[in-house]
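predicted coordinates and the sequence they were generated for:
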Amino acid sequence: MLKFTGSECFRQRLVCSTLTGRPIRIDQIRSKDEDPGLRDFEACLLRLTEKISDGCVVQINQTGTCLRYRPGFVLGGSNLVHNCGTSRSIGYFLEPLVLLAIFGKKPLSITLQGITNDDTDQGIDTWRTVTLPLIRKLCGIEDGLELQIVKRGARPGGGGEVRLRVPVVREVPSIKWTDEGMVKRIRGVAYSTKVSPQNTNRMVDGARGILNRLLADVYIFTDAVSGKQSGNSPGYGINLVAETTSGCYVSSEACASYRQGQGKGPSALQGQVAEEVLVVPEDIGKHAAAALLEEVHRGGVVDGCHQALLILLCALGPELINEVRLGPLTPYAVQMLRHVKDFFGITFSIRPENDHGTIFMSCVGVGVKNLGRRAT
């Protein structure tokens, strides 16, 4: 049994434990906070893991500061429904869900309810346009990996709904991805719920005011949702994706309410709730455009939000050399390197590339195979 301390990177530990079959124990979970123990979204993630698994055992002490998790067998399932609550967005649950489901016995079909876009986790649009195509490419999935947005839901009321379909794979193929290419076009989507549709156009104007100085091929769609498909709370935001000549996708996003203490995406190791500050639509567009240019400047075949995912897929690959090119590592990616070493015994070789400030990372995969998948 592996032992950990603290609540950081809870999803990474849960995924690695399930994929390797190694039980874990986590002590001192926010033991020094005024409200110690597991948060409701972490308990919700455990319930979701139990829903798609068979035989997993979860033990939590009375104060919630100690967790024992013994993984079971990932089954998958069809027509499942899970309410993700309103503490964290659906993007928080998608990362461990997809990684576990592709190694399940049967394909997964599930409906997730909750917040679709916020300023803490990856939004649904980023998952649909960047993350899922990335997983399709690296895992060799031709068909069946889909994410459909049924309803959008903003903070704090949520009310969003998405439908996810995940096929199963036998194993992850070898990964060799070092050509980052040059940006050739930028696409995006500006969305709004329960507010004036003009907000989407204003966000587009703010983003294009920056991006058109550098590139002519910029097209941003608008999605102004109203009625039953708009969830329970007003909100608006924008998602941008830069596509390179080598097939890489670099993304950024911003939304109307910005939590100063939590940071953006999985790079924030410890969230600290702060007051929400509303920003005018033009500034939302400018913020997303500036963040996209920053990600492009950092370099690498993926942006900072997807570094940890790429590292884990390299570790799960066959017992061959897997090599990727990344920009400066985020704290979340560094934690993934540590967990990969703890669970799989894999150490990455890191070679800096000084001309562009990127690094080449390589490892010999552990060769994880999906033994539950039916042979065809």
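On my side now, so go ahead.

list the buried residues for stretch 62-76?
64-72, 74-76 (16 or more other C-beta atoms under 10 Å). Glycine gets a C-beta too; all of them are placed from N, C-alpha and C.

for stretch 323-341, same thing?
Buried-residue list, stretch 323-341, by 16+ other C-beta under 10 Å: 323-327, 329-333, 335-337, 339-340.

then stretch 214-227?
218, 220, 222-225.

tabulate those (JSON lines), appending pLDDT.
Formatted as JSON lines, those follow (pLDDT from 0 to 100):
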{"residue": "218", "pLDDT": "95"}
{"residue": "220", "pLDDT": "95"}
{"residue": "222", "pLDDT": "95"}
{"residue": "223", "pLDDT": "93"}
{"residue": "224", "pLDDT": "93"}
{"residue": "225", "pLDDT": "90"}
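
pick out the most distant pair among those.
218 and 225 (22.9 Å; C-beta to C-beta).

quick one: residue 334 is in a strand?
No: looking at residue 334 with DSSP: H, G, I helix; E, B strand; the rest coil, it is helix, so not inside a strand.

distance of it from residue 312?
13 Å (C-beta to C-beta, to the nearest Å).

please enumerate the shared neighbours of these two.
Shared contacts of residue 334 and residue 312, defined by C-beta atoms under 8 Å, 6 or more residues apart in numbering, are absent.

how long is stretch 167-182 end to end?
For stretch 167-182, the separation between the terminal residues is 32 Å (C-alpha to C-alpha, to the nearest Å).

contacts only, for the residue nearest to residue 325 when sequence neighbours are not counted.
Closest residue to residue 325 apart from its sequence neighbours, by C-beta to C-beta, 6 or more residues apart in numbering: residue 178 at 4.3 Å. Taking C-beta under 8 Å, 6+ apart, we find residue 178 in contact with 301, 323-325, 360.

residue 248 too?
With C-beta under 8 Å, 6+ apart, residue 248 has these contacts: 180-181, 301-302.

immediately after the longest helix that the chain contains, which helix or strand?
Using DSSP state H to define each element, the chain has its longest helix at helix 281-298. Downstream of helix 281-298, the first helix or strand assigned by DSSP states H and E is helix 307-316.

and that following helix, what other elements does it pack with?
helix 10-20, helix 90-101, helix 132-139, strand 321-326, helix 331-344, strand 358-364 (3 or more C-beta pairs under 8 Å, 6 or more residues apart in numbering; DSSP states H and E).

quick one: these as JSON lines, columns for mean pLDDT and distance to residue 44 too.
Shown next, in JSON lines, are the helices and strands packed on helix 307-316 (pLDDT from 0 to 100; distance: least, C-beta to C-beta, whole Å):
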{"stretch": "helix 10-20", "mean pLDDT": "94", "distance to residue 44": "12"}
{"stretch": "helix 90-101", "mean pLDDT": "94", "distance to residue 44": "7"}
{"stretch": "helix 132-139", "mean pLDDT": "94", "distance to residue 44": "22"}
{"stretch": "strand 321-326", "mean pLDDT": "94", "distance to residue 44": "31"}
{"stretch": "helix 331-344", "mean pLDDT": "95", "distance to residue 44": "20"}
{"stretch": "strand 358-364", "mean pLDDT": "95", "distance to residue 44": "33"}
